[in-house]
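Colleague: Quick one, fold the following:
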Amino acid sequence: AGIIAVDFDAEWFQGEVRHLYAIVASFILFALISSVILAIAIAFQYRRFFANLMNKMNSLASGIDTLIHEADMGYESDDYMSLVHVDDDKGERVIIGIAHDICEVFGEKRVSRVGGDEFVVILDETDFEDKIKALKDIINRKSAEATAKHNAKADVGLSV
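Modeller: Take a look at the predicted model:
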């Protein structure tokens with residue numbers, strides 16, 4: 001048995017360590033630059049996709065407006081934003097009740113739920129102010145009842 005000892009020159013050893021540090025740093029820098037380039041490329045693709053989607057939606061909206069004007073139709077949009085403060089189960093019951101009221105006033109075939117608490121009514125009559133007033137009266141009456149019973153309120157926003 002014996003002992004074998006190897007003695008490296010300190011300057012050579014420090015040089016090798018610095019060389020390894022340089023290699024590791026270059027890999028990290030390469031990875032960082034590559035990830036930034038990749039993120040920019042992905043963001044650009046999504047930006048292009050959403051720009052195309054917005055153009056298609058604007059075109060569709062323009063077509064709908066043209067159709068409404070050519071067919072001498074109107075539409076009403078209702079939004080009940082204050083329902084955000086109502087829990088899901090009660091909120092759904094309120095939305096179902098409001099949908100029933102809207103269908104009762106305008107007719108079931110003309111009402112569509114856009115999403116959440118928004119409804120759209122397609123109107124082909126030129127004099128629909130009375131129906132909108134009737135709907136507002138129903139909802140305001142029910143809102144007053146709900147405020148008295150449950151300290152809840154539904155705001156009505158209409159656009160024609």
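Colleague: Every contact and neighbour count from this point should use C-alpha atoms.
Modeller: Fine.
Colleague: quick one: what helix or strand has residue 135 in it?
Modeller: helix 129-150 (DSSP states H and E).
Colleague: Over to residue 122?
Modeller: strand 118-123.
Colleague: and residue 7, helix, strand or coil?
Modeller: Three-state call for residue 7 (DSSP: H, G, I helix; E, B strand; the rest coil): coil.
Colleague: Give me the helices and strands touching the strand holding residue 122, please.
Modeller: strand 74-79, strand 111-115 (3 or more C-alpha pairs under 8 Å, 6 or more residues apart in numbering; DSSP states H and E).
Colleague: so what strands line up beside that strand?
Modeller: strand 74-79 (antiparallel), strand 111-115 (antiparallel) (DSSP bridges).
Colleague: ranking those by mean pLDDT, which is last?
Modeller: For the strands paired with strand 118-123, mean pLDDT drops lowest on strand 74-79, to a mean of 52.
Colleague: can you state the direction angle for the helix or strand following that strand and strand 118-123?
Modeller: Using DSSP H and E, the helix or strand that follows strand 74-79 towards the C-terminus is helix 88-106. Helix 88-106 and strand 118-123 are oriented at 10 degrees to each other (axes from the mean of the first three to the mean of the last three C-alpha atoms, to 10 degrees).
Colleague: And residue 50, which helix or strand is it part of?
Modeller: helix 10-70.
Colleague: pLDDT weak spots in the protein?
Modeller: 1, 67-91, 116-117, 124-127, 146-160 (pLDDT under 70).
Colleague: try it again with 50
Modeller: By pLDDT under 50, the weakly predicted segments of the chain are 73, 81, 84.
Colleague: No more questions from me, cheers.
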